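Asker: Give me a 3D structure for the following:
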Amino acid sequence: MADDASERGVAMTPGGRNLITDIPGLRVGNASDAALKSGTTVLTADRPMTAAVSVQGGAPGTRETDLLAPEMTAPGVDAIVLSGGSAFGLGAADGVMAGLRGAGRGFAVFSARVPIVPAAILFDLLNGGDTSWDDSPYPALGRAAYDAAAADFALGSVGAGTGAQTARVKGGLGSASLVLPGGVRVGALVAVNPMGCVLTPSGRHFWAAPFEVGDEFGGLGPDPASGLQPLPASRKVSAMAAQGNTTIAVVATDAALDKAQARRLAVAAHDGIARAIVPAHSPSDGDLVFAVSTGTRDLTDPGIELGPLGHAASVALSRAIARAVWEATPAAGDTLPTARETFGQAAGDAQ
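Answerer: So this is what the prediction gives:
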């Protein structure tokens, strides 16, 4: 019987932090406004990152994503922004650009430097927050998130996940990581605000349960119910009287990838959204995944290794989505409960 790596499969374990920042050189910062019930999250690095993007939802909101196509000139990006605020949230990238410019970062054009900061946004304008501003708060939130960037950062109702919602419970900001047997690292960062459900119809289990490591999102296990089940009605639509949705994410690796390979990583990572959110990629979701590479670890055979790398990215993203919802916390004026509040109510009903 053969006993090589292909027969044994590929073992993966989380990094030390179980965050996207387990990839050396990456930093993440969050900024939140409690009254606004919104915020911004920034991913940056010690040096420019190779980046690509894949959009699978029907209602995206983006900035600077055209530059990420393999045939475009820009060789790398200085930061990536995930933000609440719908189209207003794209202004968070202005604040991040100001911070990067102050640090001397940016794409050199003769004597000028222009920081490259792609961004994606989610819709959180109808979640009970105060949106009666005169001047958009998002540039300042972007700058604050950039200034806060560090290897350790909070999950749940923070940053771009501050006011995020799923169909039945609050969403949030999530992250997870994996280390492949050869030492390549993969991580995911996600703001979870979908039309669909992250919990199964029972409301007691995560769709992502088969991919959980330890009890990182409660250790509740897979739903024991089998067969096709009807999805419950969306509390989010009832509470908002509108449809505003999106799951926006970044997957990252230290493997050296070019822009075309990074795009394949982003495409593969979308499987992680589909495994953790039901339904996903709808016409009213702006589901999007950025992929970035710090390029510090060469692949021996990219043609073979990109497959397991994409699988790892999808698994990390599924886990990050569930962690986002698991770590969400209640706040005054919320229009939806947290998952933990829902679990507690279900346990009480069963007694």
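
Asker: Excluding its own residues, what touches stretch 96-103? List them.
Answerer: Here stretch 96-103 makes contact (C-beta atoms under 8 Å, 6 or more residues apart in numbering) with 42, 44, 78-79, 81, 106, 113, 115, 117, 139, 142-143, 145-147. (C-beta placed from N, C-alpha, C; glycine too.)

Asker: go again using 6 Å as the cut-off
Answerer: Val42, Asp78, Ala79, Val81, Pro115, Val117, Gly142, Arg143, Tyr146 (C-beta atoms under 6 Å, 6 or more residues apart in numbering).

Asker: do the same with stretch 290-305
Answerer: 25, 49-53, 80, 184, 250-257, 262, 265-266.

Asker: again, but for stretch 160-169
Answerer: Contacts for stretch 160-169 (C-beta under 6 Å, 6+ apart): 32, 37-41, 82-84, 124, 127, 129, 171-173, 191-194, 196-198, 234-236, 324, 336-339, 342.

Asker: Give me the most central residue, this protein.
Answerer: Closest residue to the average C-alpha location of the chain: Val190 at 1.2 Å, with C-alpha atoms, centre = their mean.

Asker: ok so, going back, narrow the contacts of stretch 160-169 to those in helices?
Answerer: Judged by DSSP state H, helices contain the following of the contacts of stretch 160-169: Arg235, Lys236, Ala324, Ala339, Thr342.

Asker: least confident pick among those residues?
Answerer: The lowest pLDDT within those belongs to Lys236, with 65.

Asker: Dihedrals phi and psi, the residue nearest to Ala256 when sequence neighbours are not counted?
Answerer: Spatially, and ignoring its direct neighbours in sequence, Ala256 is nearest to Gly295 (4.3 Å; C-beta to C-beta, 6 or more residues apart in numbering). Per-residue torsions, Gly295: phi 70, psi 20 (degrees, to the nearest 10).

Asker: Flag the shaky bits of this structure, pLDDT-wise.
Answerer: 1-10, 236-244, 345-351 (pLDDT under 70).

Asker: follow-up on the earlier one: show the buried residues in the contacts of stretch 160-169.
Answerer: Among the contacts of stretch 160-169, those classed as buried by 16 or more other C-beta atoms under 10 Å are 32, 37-41, 82-84, 124, 127, 129, 171-173, 191-194, 196-198, 234-236, 324, 336-339, 342.

Asker: These in strands, which ones?
Answerer: The strands, defined by DSSP state E, take in Ser32, Ser38, Gly39, Thr40, Thr41, Leu82, Ser83, Gly172, Leu173, Ala191, Val192, Asn193 from the buried ones among the contacts of stretch 160-169.

Asker: Just put the residues you listed in JSON lines and tack on distance to Leu68.
Answerer: Shown next, in JSON lines, are these (distance: C-beta to C-beta, whole Å):
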{"residue": "Ser32", "distance to Leu68": "27"}
{"residue": "Ser38", "distance to Leu68": "25"}
{"residue": "Gly39", "distance to Leu68": "24"}
{"residue": "Thr40", "distance to Leu68": "20"}
{"residue": "Thr41", "distance to Leu68": "18"}
{"residue": "Leu82", "distance to Leu68": "15"}
{"residue": "Ser83", "distance to Leu68": "17"}
{"residue": "Gly172", "distance to Leu68": "26"}
{"residue": "Leu173", "distance to Leu68": "22"}
{"residue": "Ala191", "distance to Leu68": "19"}
{"residue": "Val192", "distance to Leu68": "22"}
{"residue": "Asn193", "distance to Leu68": "22"}
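
Asker: Just the closest of these to Arg275, please.
Answerer: Distance ranking of those against Arg275, using C-beta to C-beta, places Val192 first at 13.4 Å.

Asker: mind listing what the closest one touches?
Answerer: Ala164, Gly171, Gly172, Thr247, Ile321, Ala324.

Asker: For Pro181, see how far away the third one is.
Answerer: Distance of Gly172 to Pro181, computed by C-beta to C-beta, to the nearest Å: 31 Å.

Asker: what does the last one give?
Answerer: If you measure Ala324 against Pro181 using C-beta to C-beta, the figure is 27 Å.

Asker: Could you say which helix or strand holds Leu189?
Answerer: strand 185-193 (DSSP states H and E).

Asker: ok, now Leu141?
Answerer: Per DSSP H and E: helix 138-147 holds Leu141.

Asker: just checking, what packs against that helix?
Answerer: Where contact means 3 or more C-beta pairs under 6 Å, 6 or more residues apart in numbering; DSSP states H and E, helix 138-147 is packed against strand 26-33, strand 38-55, helix 92-102.

Asker: Among the ones you listed, which comes closest to Ser177?
Answerer: strand 26-33 (10.1 Å).

Asker: helices or strands next to that closest one in the packing?
Answerer: Looks like strand 26-33 contacts strand 38-55, helix 138-147 (3+ C-beta pairs under 6 Å, 6+ apart).

Asker: can you pull the contacts of Thr253?
Answerer: Counted by C-beta under 6 Å, 6+ apart, Thr253 has contacts Val186, Ser293.

Asker: what about it, which helix or strand?
Answerer: Going by DSSP H and E, Thr253 is in strand 246-255.

Asker: any idea which helix or strand comes after that strand?
Answerer: From strand 246-255, the next helix or strand downstream (DSSP H and E) is helix 259-276.
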